[in-house]
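**Student:** Would you be able to build a 3D model of this:
(chains A and B, ligands or ions: 1)
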Amino acid sequence: MNKIEVGDKIRIEKKNMVYEGILLPTTDASSKNMIILKLSSGYNIGIKKDKNTKITLIKKSVFKPGKIPKMKFKKKSELPNITIIGTGGTIGTHVDYKTGGVFMCRTPEEILAAVPEINEIINIKKVINLFNVGSEDINKKHWKKLAEAVKKEIEDGADGIIITHGTDTLAMTSAALNFMIGVPPIPIALVGAQRSPDRGSFDGRLNLLCAAHYCTTNIAEVSVVMHGSINDDYCYAIKGTKVRKNHSSRRDAFQPINTIPFLKIWDDGRKEFLRKDYHKREKKRVELKTNFAKVGLIKVYQNSEPRILEWYLKNDYKGLVIEGTGLGHVPGRDAGTKYNWIPEIEKLVKKGVIIVICTSTIHGRTNNRVYRNLRLLDRTGVLWGKDLHSESALIKLSIVLGSAKKLEEAKKLFETNLVGEFEERTLIGDVLGF
Amino acid sequence: MKKELLLVMFLVFDYEKLKFKCGLEIHQQLNTNKLFCSCKTLINNEYDFSFERKLMPVVGESGRIDESALNEFKKRKKMKYFGNYETSCLVDMDSEPPHEINHEALIIAIQMALLLKMKLVDEIQVMRKTIIDGSITTGFQRTALIATNGYIETSIGRVPIESLVLEEDSCRKIKETEKEIHWALDRQGTPLIELMTAPVLKTPQHALETALKLRELSRKLKIKRGIGTIRQDVNVSIKNGARIEIKGFQNVKQMPKVIDKEIQRQLKEKKLVPQVRVVLNDNTTKYLRPLSSSSRMYPETDALPIKITKELIEEARRILPRIIDVKKELLKLGLKEEIANQIERTGQYEKFKHLNARIKNPKLVSTYLLINKKASTELLEKVLINLQKKKITKQNAKQIIKQNINLSDLKKFIAETISEDDIRKTINKILESKKELLNDERAFKMLMGLVMKEFKGKADGSLVSKILKEEIKKKLKSVIRKF
Ligand SMILES: [Zn+2]
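**Tutor:** Prediction:
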């Protein structure tokens, strides 16, 4: 008697019911002892197995789990040579229609199978399946690996690079990549998807097509290329250090922070250049900075106690970003001794911890003088995030502390505009806010 | 006897000889919020926002979107969606994962399964049925098999109900031009129960009977009523024919005629291909589209499987008996079956119960209750109380309820009505002056006419008649005594 396995056609008899169908793998979402069966109607159902349940084999292996489709590319030498690097995320999930299983593992070829038109825009030079990690699990090791792969591809003559990534931390990776490689000599686009590629409403399609179009331009910048509206009509290419995921599920979740996007791109290739001050393509060497120092991010709020800072000091943090309120306030003397952050911050600064003040409002820049408490805070020796939002400031602080030999050098580096992350002027634009 | 005669008249065909094969597929909207979010399910033609989407063909098992599908996609019309805040949220816009399945809808589906004596699955697996015509923003319909193997009793035996599915409805198409399709989001996500009978219906009349029985049964539950809330499709084939799906019945009563005309068409047609046809006004059908091969279904990974627990079934049952007993309760009160059915069908049992508690006259309450469904309980109560006190005439009462007048206007009718004492006085006055009439055998009729003329419609006819009879009797008795 053959053993019953997933994919076999079976009969389940229970009480006076008979079910026939194909045995599917059980997922951890199901209850205990549940047999998942695909009926001929296409529906899956769960039948609980108990001591009176009789299961018999009708036919062995009616189907093998489906293969994940892959795109076969045509070489098109007249088009720009673009390298595609896969790192994981929703854009890289796949549902096997036969078994109904969901795989987190898709190579970029498989992702591109959902967007065959991309081959009409770019020539795919190379596809690198760098790693396959959910957005929330990406860390500095992955960043280093990514920067090294990007450098190698640039040196190998790529005209542009598209990186697929989970959306949750995509903006952090884009900032990290930008600070690690500096201003790149070619366009580099990071893209993700809020809806998976198995569905007709896959939003990654537009993002990938627009990223391909972005890579054909002269904009040598690290950009996030994602939906610009709730419609599937255009994307924005936004500076990698000045972009943030501001919604948990909308396709237009990525917003520019204190910047104007470089480019508005439609999937048919139409482009609207929104600014002229981007770096142009040029031949140059890429120097990597891939050392990340230990840094932390804190938010102040009413009744928050500054004693938490002692913990960071004790645990050897080299830098801290503090999200202050409004222009960058932290609770001061009038909040009461227990809640006065200013002396505690001063203590840390004196001990050599770099403290950067950003704003919890996300949008807008900090100010170090218009109120008394701001002036008092400034006198402690903190640095100001200015128009850099806290997550980007955090990554920049980590990299400058990791690459500078001395504290003063790190401070100086932080205050330097490395890749265009500081903008002197904050502009009003129609792309701010929802 | 009569019924059978009618049946013979309709039986143009020998359905058995024709190898008539017929089954029903019924989609009934539930009267709850949406299935996977908390939006209301109302039809609302005022829109707060709109957006556009491009739904792409999904990569096939073969691994490629084939060229023709891609070309088709590039030529496709623009899909524009219109929504309002009351009925559409980010879930409906495919911009937020589905919420937990609507508990109320799930309970109703289980109740329907219980009513049809179906076998519930142990664990519901929500599926995605691929739909890329733009009618659903996600590109798929969320659908779940709840139960199988039930039946409904009909005059010619049990009809098996093969499956009960709980699923979400799609958008309403509001406009189609050469370049664009406009969809209204309000309907998308409305919970639907889909019932499939086995293809064993014996005749077109039997199909109708089954459809009506299923409708009657579902009306015991919290379902939507009115145009567009139920879709009854028929699958029909005959010997040497092909499977034809007929959609779009405006009125379920059309069913037998439409099926017969379809049989006629199938008998005439040389080459028959499986197809979907739509019902026209003259009971004929028109080709709509080829019969789609079973659409691709795969699990909705954003929704957890739902175990059908004992508690869930108990909860469904707990609410169920109250609904089922309505008719029994009404019959117990001595109402005719037809009246009980009407009260139940129009969903006025609660109103009836409330009124009867005050009036304590089931027949009276039901008569006036069924005049106008829209009449308020307060109005009905006041009218019935006044009616019992004879302060209002039957005619006026009916008129008031029919027109559903304002409570404040009710006084006018009451004031104008003549009291019992006044009626008696007036009758006696007339009897005094028309003594000679008492000897005539048509006395009552003639006197009644005279009296009513005097009251000019302001007195209750039955009351007048009662008093008149009493007074005539008295008068006659006194006459007899005199002699
Ligand atoms: Zn909703």
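
**Student:** Pairing partners for the top strand by length along chain B, with directions?
**Tutor:** Counting residues, the longest strand found in chain B (DSSP state E) is strand B:140-154. Neighbouring strands of strand B:140-154 in its sheet, by DSSP bridges, are strand B:119-120 (antiparallel), strand B:127-130 (antiparallel), strand B:157-168 (antiparallel).

**Student:** okay, now A:Arg199: neighbour count?
**Tutor:** 21 (other C-beta atoms under 10 Å in any protein chain shown). The way it works is simple: take the backbone N, C-alpha and C, and place the C-beta from them, glycine included.

**Student:** Just list the residues touching the closest residue to it other than its chain neighbours, thanks.
**Tutor:** The shortest distance from A:Arg199 to any non-neighbouring residue, by C-beta to C-beta, 6 or more residues apart in numbering or on different chains, is to B:Gly139 (4.6 Å). Taking C-beta atoms under 8 Å, 6 or more residues apart in numbering or on different chains, we find B:Gly139 in contact with A:Arg199, A:Gly200, A:Ser201, A:Phe202, B:Leu55, B:Met56, B:Val58, B:Asp94, B:Thr130, B:Ile131, B:Ile132.

**Student:** Could you double-check that the fifth one sits in contact with B:Phe140?
**Tutor:** Spelled out, that is B:Leu55. No: in this structure B:Leu55 lies outside contact range of B:Phe140 using C-beta atoms under 8 Å: 9.9 Å.

**Student:** for B:Met196, helix, strand, or coil?
**Tutor:** The three-state assignment at B:Met196 reads strand, by DSSP: H, G, I helix; E, B strand; the rest coil.

**Student:** Check the gap between it and the ion for me.
**Tutor:** For B:Met196, the distance to the ion equals 28 Å [C-beta to the ion, to the nearest Å].

**Student:** Would you mind pulling up the elements that the strand or helix carrying B:Lys469 packs against?
**Tutor:** If you go by DSSP states H and E, B:Lys469 is part of helix B:461-482. Using 3 or more C-beta pairs under 8 Å, 6 or more residues apart in numbering or on different chains; DSSP states H and E, the elements in contact with helix B:461-482 are helix B:394-403, helix B:420-433, helix B:443-455.

**Student:** As JSON lines, these with mean pLDDT, mean neighbour count and distance to chain A would be great.
**Tutor:** What follows is these, written out as JSON lines (pLDDT from 0 to 100; neighbours: other C-beta atoms under 10 Å in any protein chain shown; distance: least, C-beta to the nearest C-beta, whole Å):
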{"stretch": "helix B:394-403", "mean pLDDT": "88", "mean neighbour count": "17", "distance to chain A": "48"}
{"stretch": "helix B:420-433", "mean pLDDT": "83", "mean neighbour count": "15", "distance to chain A": "68"}
{"stretch": "helix B:443-455", "mean pLDDT": "80", "mean neighbour count": "16", "distance to chain A": "69"}
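
**Student:** which phi and psi does B:Lys412 have?
**Tutor:** phi -50, psi -50 (degrees, to the nearest 10).

**Student:** remind me which residues of the stretch 301-434 of chain A are low pLDDT?
**Tutor:** A:429-434 (pLDDT under 70).

**Student:** what ranges do the strands span in it?
**Tutor:** For the stretch 301-434 of chain A, the strands defined by DSSP state E, counting those that start in this stretch occupy A:319-324, A:354-359, A:383-384.

**Student:** need the helices and strands packed on helix B:461-482 in a markdown table with distance to the ion, can you?
**Tutor:** Compiled in a markdown table, the helices and strands packed on helix B:461-482 are given as follows (distance: least, C-beta to the ion, whole Å):
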| stretch | distance to the ion |
| --- | --- |
| helix B:394-403 | 39 |
| helix B:420-433 | 60 |
| helix B:443-455 | 60 |
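
**Student:** What distance do you get for A:Asp267 to the ion?
**Tutor:** 27 Å.

**Student:** re the thing from before, to the chain's geometric centre, what's the distance from the helix holding B:Lys469?
**Tutor:** 51 Å (C-alpha atoms, centre = their mean, to the nearest Å).

**Student:** One more: stretch B:403-419?
**Tutor:** Distance, centroid of stretch B:403-419 to centroid of chain: 33 Å (C-alpha atoms, centre = their mean).

**Student:** now do stretch A:257-266
**Tutor:** The answer for stretch A:257-266 is 17 Å, by C-alpha atoms, centre = their mean.

**Student:** how many other residues sit next to the closest residue in space to A:Arg250 that isn't next to it in sequence?
**Tutor:** Spatial nearest neighbour of A:Arg250, chain neighbours left out: B:Ser95 (4.7 Å); criterion: C-beta to C-beta, 6+ apart. Look at B:Ser95: counted by other C-beta under 10 Å, it has 22 neighbours.

**Student:** coming back round to it: buried ones in the longest strand of chain B?
**Tutor:** Within strand B:140-154, the residues scored as buried using 16 or more other C-beta atoms under 10 Å in any protein chain shown are B:140-152, B:154.

**Student:** what's the answer for stretch A:357-365, then?
**Tutor:** A:Ile357, A:Cys358, A:Thr359, A:Ser360, A:His363, A:Arg365.

**Student:** rewinding a little: tabulate the helices and strands packed on helix B:461-482 in TSV, adding columns for distance to B:Lys247.
**Tutor:** Listed next are the helices and strands packed on helix B:461-482 as TSV, based on distance: least, C-beta to C-beta, whole Å:
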stretch	distance to B:Lys247
helix B:394-403	38
helix B:420-433	61
helix B:443-455	57
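
**Student:** Under the pLDDT cut-off, which ranges of the stretch 151-300 of chain A? List them.
**Tutor:** For the stretch 151-300 of chain A (pLDDT under 70), the answer is none.

**Student:** Would you state the strands of it in chain order?
**Tutor:** A:160-164, A:188-191, A:222-227, A:234-239, A:243-245, A:254-256, A:263-266, A:271-273, A:295-299.

**Student:** Check the stretch 151-300 of chain B too.
**Tutor:** Counting by DSSP E, counting those that start in this stretch, the strands of the stretch 151-300 of chain B are B:157-168, B:172-176, B:180-184, B:191-197, B:230-237, B:244-247, B:275-279, B:285-290, B:297-299.
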